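K.L.:
Sequence first, then the predicted structure:
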Amino acid sequence: METYTALMVDLEKSRQYSVSERKQIQDRLIQCIGFLNRLYKPAVVLDVEFSAGDEFQGLFRSPATAYLFYRSLDTLIAPVRTRAGIGTGEWTLRIPDGRSAEQDGTAYHLARHALEGTQDGAGQVCFLSGSDEDVFINEFLSIEQGMLGGLTDKQRLLLLLSEVMVPVLRENDMDIAVYPEIFGLVDNSQIVM
């Protein structure tokens, strides 16, 4: 059985933003998601795209790359806050040339359940694979998210630049030719609210 990892992300408190703020956030998200889809293309099975309202999703070859994609996105769109559900399992309903939102399988079901868990107080990001290790992984993610909350904007950007270099060591996860574009995104990283 081959496993895949679905990533589902939702904006926190999106209805509290004004129309102009939502437009600015949407534009920034489209720009950053497009960049990250290109950067992580070797490990992205189905591009991360908007699926409904302010939610977006994609399918990855590994949970590590899905999480790194999310962490990179979260840093690039700060101070906007998101929640993420990551699910690892099967991809059983495959729609040829379809978007991630058109597919189905346990990876998607677990990602949806994980995303719902973040709304029930499970933290900013939740991971589910159906394994006994999920509890440990989610405790680690919760502690990590708490530590990230204490970083300054500059510290978060430096962390981002170092984290996106990790896949360089795993050449099947990232297209290194796309990497230099991150500096343009970092220079324009502040969303005015």
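P.N.:
The structure has been received and is ready for your questions.
K.L.:
Return the helix or strand in this structure with minimum mean pLDDT.
P.N.:
The weakest-scoring helix or strand in the chain, judged by mean pLDDT, DSSP states H and E, is helix 182-187 (a mean of 71).
K.L.:
Please identify the buried residues of the longest helix along the chain?
P.N.:
The longest helix of the chain (DSSP state H) is helix 19-39. Neighbour counts over helix 19-39 (16 or more other CB atoms under 10 Å) mark 24-25, 28-29, 32-33, 35-39 as buried. C-beta coordinates here come from the backbone N, C-alpha and C atoms, glycine included.
K.L.:
now for it, which elements pack on it?
P.N.:
With contacts defined as 3 or more CB pairs under 8 Å, 6 or more residues apart in numbering; DSSP states H and E, the packing partners of helix 19-39 are strand 44-52, strand 55-60, helix 63-76, helix 182-187.
K.L.:
try 10 Å this time
P.N.:
Judged by 3 or more CB pairs under 10 Å, 6 or more residues apart in numbering; DSSP states H and E, helix 19-39 is in contact with strand 4-11, strand 44-52, strand 55-60, helix 63-76, helix 182-187.
K.L.:
counting contacts, what elements does the third one pack onto?
P.N.:
Contact analysis of strand 55-60 by 3+ CB pairs under 10 Å, 6+ apart lists strand 4-11, helix 19-39, strand 44-52, helix 63-76, strand 82-89, helix 106-119 as its packing neighbours.
K.L.:
could you redo the last one with a cut-off of 8 Å?
P.N.:
Where contact means 3+ CB pairs under 8 Å, 6+ apart, strand 55-60 is packed against strand 4-11, helix 19-39, strand 44-52, helix 63-76, helix 106-119.
K.L.:
Nearest to residue 96, out of the ones you listed?
P.N.:
strand 44-52 (11.5 Å; CB to CB).
K.L.:
partners of the closest one, with directions?
P.N.:
Taking DSSP bridges as the criterion, strand 44-52 sits next to strand 55-60 (antiparallel) in its sheet.
K.L.:
what's the spacing between residue 26 and residue 85?
P.N.:
For residue 26, the distance to residue 85 (CB to CB, to the nearest Å) stands at 21 Å.
K.L.:
cool, and residue 73?
P.N.:
Residue 73 sits 14 Å away from residue 85, going by CB to CB.
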